[in-house]
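J.: Kindly generate the corresponding structure for this input.
(chains A and B)
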Amino acid sequence: MSEILEPKLASKDFASNQEVKWCPGCGDYSILKQVQTVFPDLGIPKEKFVFISGIGCSSRFTYYMDTYGMHSIHGRAAAIASGVKAANPDLSVWVVSGDGDALSIGGNHFIHAMRKNFNLNYLVFNNQIYSLTKGQYSPTSEKGKVTKTSPYGSIEEPFNPSELALGAKASFVARSLDRDPKHMQAMLKRAHEFKGTSFVEVYQNCPVFNDEAFFAFSDKETKKEEAIFLEHGKPLIFGYNDEKGIMLDGITPKIVNIKESNISPNDLWIHDEKNKTKANMIARFFDTLFEGVHFPRPFGVIYADERAVYDEGMADQISTINSKKGKMPLNKILSGDKTWSIN
Amino acid sequence: METVKKNVAQKTTITESENFVVRFSGDSGDGMQLTGMQFTDTAALLGNDLSTFPDYPSEIRAPIGTIAGVSGFQVNFGSKEIFTPGDKYDVLVAMNAAALKVDLPRLNKGGAIIANLAGFDKKNLGLAQYPDGVNPLEDGSLDNYIVHKVDVTKLTKNCLADSGLGSKDIDRSKNMFVLGLLFWMFDKSPDSTIKFIEEKFAKKPDIAQANVKTLKAGWDFGDNSEIFTTQYRVNAAKLPKGNYRNITGNHATAIGLIAAADKSGLPLFLGSYPITPATDILHELSKYKANGVKTFQAEDEIAGVCSAIGASYTGSLAITTTSGPGMALKTEAVGLATILEIPLVIVNVQRGGPSTGLPTKTEQADLLMAMHGRHGEAPVPVIAASSPSDCFNAAYEACRIAVEHMTPVILLTDGYIANGSEPWRYPTEDQLQPITVSFLDKPNGAEGVLLPYKRNEKLVRPWIKPGTKGLEHRIGGLEKQNETGNVSYDPLNHEKMVQLRAAKVAKIADYIPLAKADSGNEKAKLLVLGWGSTYGAIKTAVLEAIAEGYDVAHVHLRNINPFPKNLGEVLNNYDKIIIPEMNNGQLLQLIRAKYLVPAIGLSKVQGLPFTTTELKAKIVELLK
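T.: Got it, this is the predicted structure:
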């Protein structure tokens, strides 16, 4: 029998028949589009994709993908996804969550998902605000943020999600943003290819409650100064004219002007995705000043180093023990070892 | 009933009785649970019917010698059918003064005390809060009992003087001396325990040898010392023909889940977080890797139930196990499973509450929570196990209802039957009721349209596994349009869905057994209506009352939501109804609300099971 070749899927094959109901101008539209653009190229049959989301604007994502999916309860998407992946490692599982869902109410599941390292993808749409409840500060809102629940400014320190993920033993940490479709597509592909929990933080604009929160990283005027795009094996370079580089002076990063100081790009900090020490430092290009100097926000794969994944470990242990001991017949389980008979 | 005959050869009398209750009591570190279990296993293997009650503190090691640290294990074994661990005991083993102080009140007058002398020194008497200079072994206060003072600690030390073991290891063996002595007292062979010791310490032969030696020394001490002049004998019970094993409720629950997975052909998944007294189910299922059982120790209670929901979504028989406080944490997720309409079994091994309450003590106070403890209209089937071995049947039934009716099911057991044990006439796999499961593999609507919430004659929607080609669809916690499952905020649709979900659960009544009297007649002056772990005590009390000529019957409920279809008619056959519960009257509320009958309650909320005496006194009072 000849093999029946499936026609290649198109972007529209991943769009469900449900009307998309995010606010006009919401960054979520772009993320949905990039996911639908990338998915046909991943080489996975449509029925193997499963989206698990929690609660929040981001989590409505599931309804708009024509794959399998569950829109669950607040904060618990990762916990449900753990069960999906443990029970059926063959599925391509995508968790979709937001900054409140993943990092506040779901914070415990977030850190343990990183540590346990299921082979799944974990997208967090970070808009630094609670939007579905109409504008309260989130665990990623900046200190001093004025919202409905912080009319005099938030007194809380925000999480730095990359730093948190690395601290929780994440094996893959990346950051992208809604206004850079090409970059986001690349990150989604990397996340998919990586074996382990692939955490991708996506800066997502909320035009209603926190407009322009990330424009500094996408606007032509400021992007080159405020953002640095990481590539494995490439030097850390940024600036309007790519004139700035980052070097390590002992254990302290510093910014140098390549052109003025005649430093060769090869002498700069070369990004190594597998170097956890350096990844920890890059992740802190966020709100940490190094010797008083402000560093650009990193985008791209900050850290990626594969290690044992939970679902495989579970399956391997079962098959090892099964081949060693063999399946115990049900009658043997029912009787146990110590029995007696009454005749 | 007792027959006494002189055993001339052994210079002891042998007293036969239908049953004896023995209470092993000591410090948490004295190994009383293990001693009791070994004694029980031997009694079971020799054909006694029995019931056990491990009663231990929530502190792992409270300060040695204190009242807070007393750990007890009670076993009632007999040549007749036994349904409870006994209200009072005939023999009390007291390893220290605190144990005597805690457990003396429930020793029958004339009963035997085996007191470990070293546990009654000045220090231990002080820790047990006896006044200065008072020693109950010396002051005549125990004159109504037969007191055997045995220096177990010293005798064990002497026995193991040449063993090369350190004093700590030697001290740890003293429970084996007691066990050996008890085996002699009750004329039971120590062989099963010797085998157990040799297997347990296979890698530490010196420890194994020391324990066996001590066990035999205990036996010989009974046989040779002249303090003991009486041996007791309980013959094998005349139980129904069949093959038996001894089993605890938690163990039976675990096996019930495995059996249900096997018979339904579904992979078994347990998502759970350790909590007393439910953890043993997780322990037990974790051993069955060779059978493909997946156990996931989740990061918290919520992740336990959520991971199970995820596994159920992929087509596994999914379980979560917990106890009181954990149940509270799981409620939102149970609501999700209810609106998703996916199978899930939530095992709640109830304990004393609220909050942390009495972690190691029993209670039945989560019934109304099981019935109503979710926001919104969220009916969930509720099933209760009535004895340790019945946990098997109840767990199996919970799984059957969950997968055949596409619903979360709450299984209620409690600490009393979870830790207690009894002989179980175990079934073979061909005797188990089949469990029918099917997965949708092609669209079920007109023109090739998938309708994930289209219902069959049971009002049950199809189970659809991710990975099934062509059936991609989304489910979620938002209200869904009838049949399509798409999000819908339409007011009338919501009302319809609420009614459909309720009708689906109510319809389960067509697929469960009818209520009928367990003991007594179909019509009587008094009905004792029970549920869950009160079964043994109610049955014993009712049988005793019937034997004395009282017109009383016993109906016991396994299915609480929905109730058996004929329960209303059954209740109308009795003049009075009493409902004993280890809570403030929860089934009572349900029964009165639904059937409008003037049932009365009998509450006990002490972290302890009902005694037969308490129940019988109430029955007699009501029939006066």
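J.: Any figure for the gap between the closest residue to residue B:108 other than its chain neighbours and residue B:43?
T.: Distance criterion C-beta to C-beta, 6 or more residues apart in numbering or on different chains; nearest residue to residue B:108, sequence neighbours excluded, is residue B:88 at 4.9 Å. The way it works is simple: take the backbone N, C-alpha and C, and place the C-beta from them, glycine included. In this view, residue B:88 and residue B:43 are 18 Å apart by C-beta to C-beta, to the nearest Å.
J.: ok, now residue B:123?
T.: For residue B:123, the distance to residue B:43 - C-beta to C-beta - is 34 Å.
J.: do the same with residue B:450
T.: 58 Å.
J.: what's the burial count for residue 21?
T.: Unless you meant another one, I'm taking chain A. 11 (other C-beta atoms under 10 Å in any protein chain shown).
J.: Actually, chain B is the one I wanted.
T.: Residue B:21: 26 neighbours (other C-beta under 10 Å).
J.: now swap in residue B:592 and tell me
T.: Neighbour tally, residue B:592, other C-beta under 10 Å: 17.
J.: try residue B:196
T.: Count around residue B:196 with other C-beta under 10 Å applied: 18.
J.: hang on, the earlier thing: read off the pLDDT value for the residue nearest to residue B:108.
T.: At residue B:88, the model reports a pLDDT of 95.
J.: For the stretch 151-300 of chain B, just list every one of the helices.
T.: B:152-159, B:167-172, B:174-185, B:191-200, B:205-224, B:249-264, B:279-285 (DSSP state H, counting those that start in this stretch).
J.: that older thread, between residue B:88 and residue B:43, point out the one with more neighbours.
T.: The neighbour comparison of residue B:88 against residue B:43 (other C-beta under 10 Å) goes to residue B:43, with 28 against 18.
J.: Residue B:78 is in contact with the more buried one, correct?
T.: No: Residue B:43 sits out of contact with residue B:78 when judged by C-beta atoms under 8 Å, with a separation of 9.2 Å.
J.: Identify the contacts common to the two.
T.: Here residue B:43 and residue B:78 have B:50, B:234 as joint contacts, going by C-beta atoms under 8 Å, 6 or more residues apart in numbering or on different chains.
J.: Residue A:34 falls within a helix, correct?
T.: Yes: counting by DSSP: H, G, I helix; E, B strand; the rest coil, residue A:34 is part of a helix.
J.: Could you check how far it is from chain B?
T.: Using C-beta to the nearest C-beta, to the nearest Å, residue A:34 is found at 20 Å from chain B.
J.: Quick one: classify residue B:320 as helix, strand or coil.
T.: Going by three-state DSSP: residue B:320 is strand.
J.: Endpoint to endpoint, stretch A:114-133 covers what distance?
T.: 27 Å (C-alpha to C-alpha, to the nearest Å).
J.: Which pLDDT value belongs to the residue in the stretch 51-200 of chain B positioned nearest to chain A?
T.: Per C-beta to the nearest C-beta, residue B:192 is where the stretch 51-200 of chain B lies closest to chain A, at 7.3 Å. Residue B:192 is assigned a predicted lDDT (pLDDT) of 90.
J.: follow-up on the earlier one: considering the helices of the stretch 151-300 of chain B, which stretch scores lowest in mean pLDDT?
T.: helix B:167-172 (a mean of 88).
J.: Which secondary structure elements does that helix sit against?
T.: In terms of contacts (3 or more C-beta pairs under 8 Å, 6 or more residues apart in numbering or on different chains; DSSP states H and E), helix B:167-172 is packed against helix B:152-159, helix B:205-224.
J.: any residues touching the shortest one, and which ones?
T.: If I follow you right, that is helix B:152-159. Under C-beta under 8 Å, 6+ apart, the answer for helix B:152-159 is B:95, B:116-119, B:167, B:170-171, B:173-174, B:176-178, B:213-214, B:217, B:221.
J.: Pull the distance from stretch A:325-335 to the chain's centre.
T.: 43 Å (C-alpha atoms, centre = their mean, to the nearest Å).
J.: Is it in proximity to chain B?
T.: Yes: contact of stretch A:325-335 with chain B (C-beta under 8 Å from any C-beta of the partner chain) involves A:325-328, A:330-331, A:333-335.
J.: mind listing what's buried in that stretch?
T.: Neighbour-count burial for stretch A:325-335 flags A:330, A:333-335 (criterion: 16 or more other C-beta atoms under 10 Å in any protein chain shown).
J.: And for stretch B:454-473?
T.: B:454-455, B:459-468, B:471-473.
J.: which one of the residues you listed is nearest chain A?
T.: Nearest to chain A among the buried residues of stretch B:454-473, with distances taken as C-beta to the nearest C-beta, is residue B:466, at 3.8 Å.
J.: where are the low-confidence patches of chain A?
T.: Within chain A, the stretches with pLDDT under 70 are A:1-5.
J.: Good, wrapping up.
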